[in-house]
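A.B. asks: need a structure here:
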Amino acid sequence: MSLDDLGLIPTIKRYADFFYEETGIEVNVKILSIEANLDIYRNLTVFRIIQESLNNIKKHSHAKRVVILIEANKKRFNLVIKDNGKGFDMNELNNSDESMDSGYGIIGIKERAKLLDGILEIKSDISKGTKITLTFPMEREDESHEQGFNNDSR
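C.D. replies: The predicted structure follows:
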């Protein structure tokens, strides 16, 4: 409901404050630039990715700080979520079917990124934390085709 009422950025900031109150993990939300806004569907998807990322951080990372960077121009939306936690071995996660408890959150993030036609990159190093980077186009291919069709003057 607050996404509809407040918009994406205020909702993320509010959630970061609640997250800090609940966990003691500091979340710094930095907006590099916002030149364009997302539709309701993309707002919700981005918010869910942030929510799941913070949930993973709370459960697994032992982090003290998280930085969320957001940048949106007319062509691309960029999101970075970086923590200073204990990190993990990416090979272990990728090769382990039995560690589904720790893998579900990442699977959900990957699926949501795919829905946005996004490129998701997850980097983690033991003792150095984890960094999630998501980039997706502001306009999806099917939307640009629809707009071209609607603008056709035939």
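A.B. asks: can we go C-alpha only for contacts and neighbour counts from here?
C.D. replies: Fine.
A.B. asks: who are the contact partners of residue 65?
C.D. replies: Residue 65 sits next to 25, 26, 27, 28, 83, 84, 85 when contact means C-alpha atoms under 8 Å, 6 or more residues apart in numbering.
A.B. asks: can we see that at 7 Å?
C.D. replies: By C-alpha atoms under 7 Å, 6 or more residues apart in numbering, the contact list for residue 65 reads 25, 26, 27, 83, 84.
A.B. asks: now flag whichever of the residues you listed is closest to residue 42.
C.D. replies: Closest approach between the contacts of residue 65 and residue 42, by C-alpha to C-alpha: residue 27, at 21.8 Å.
A.B. asks: for the contacts of residue 65, which single residue is the most surrounded?
C.D. replies: In terms of neighbour count, residue 83 stands highest of the contacts of residue 65 at 26 neighbours, by other C-alpha atoms under 10 Å.
A.B. asks: now for the host helix or strand of residue 51, which elements pack on it?
C.D. replies: Here residue 51 sits within helix 40-56, counting by DSSP states H and E. On a contact count with 3 or more C-alpha pairs under 7 Å, 6 or more residues apart in numbering; DSSP states H and E, helix 40-56 meets helix 100-115.
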